[in-house]
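Visitor: this one's structure only:
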């Protein structure tokens, strides 16, 4: 990665790190179910790794995440590249709504650099955002959902986002709502 891309990546990571806080004030971004599913499926390995890292010290011995987060993330990683086109489209849409200038910078980055940036940012956000009091619930959910293939798990999460929007229309998950494909 060249030094100019490193600087852009740092700016982008900083933007993404504050994005959850911005989501409360911003108008929710509308992603299609296909875009949301692609973004979720692409991000699953980082979410799983981040959850495992965050919760490793609070979960009791024998819990699912400490023992299985790595292998679960690797299994989902194998199909990640196939979701990149939808994930990129969704990421750029969310980025454009938050900061059009930064989204333009992201559009100009080579895909491999943008993927590395997104991967690091997602894992970092997950590690910072999970309340330690939620680790037991996350551990249980991960153990129940682990057998699902990435497309099914991502679809379930996108569906939950859509149902959540219907329950509280003014709010979307992380400032994202699901609109019609």
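Guide: That came through fine. Computed from a predicted model, the values in this text were never measured in an experiment. Numbering: from 1, shown residues only.

Visitor: Summarise which helices and strands the one helix or strand residue 88 maps to is packed against.
Guide: Taking DSSP states H and E as the definition, one finds residue 88 inside helix 80-98. Contact here means 3 or more Cβ pairs under 8 Å, 6 or more residues apart in numbering; DSSP states H and E; on that basis helix 80-98 packs against helix 3-25, strand 29-32, helix 33-55, helix 100-108, helix 111-129, helix 150-167. Every residue, glycine included, has its C-beta placed from N, CA and C.

Visitor: got the ones you listed as TSV, with mean neighbour count columns?
Guide: TSV is the format used below for the helices and strands packed on helix 80-98 (neighbours: other Cβ atoms under 10 Å):
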stretch	mean neighbour count
helix 3-25	14
strand 29-32	20
helix 33-55	24
helix 100-108	14
helix 111-129	17
helix 150-167	16
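
Visitor: Lowest average pLDDT across the ones you listed?
Guide: Lowest mean pLDDT of the helices and strands packed on helix 80-98: helix 3-25, a mean of 40.

Visitor: quick one: residue 115 and residue 85 touch, right?
Guide: No: when contacts are counted by Cβ atoms under 8 Å, residue 115 is not listed as touching residue 85 (11.5 Å).

Visitor: Looking at the helices and strands packed on helix 80-98, which is nearest to residue 77?
Guide: The closest of the helices and strands packed on helix 80-98 to residue 77 is helix 33-55. By Cβ to Cβ, the value is 4.4 Å.

Visitor: And the next helix or strand past the closest one?
Guide: Using DSSP H and E, the next helix or strand after helix 33-55 towards the C-terminus is helix 64-77.

Visitor: Thank you kindly, that will do.
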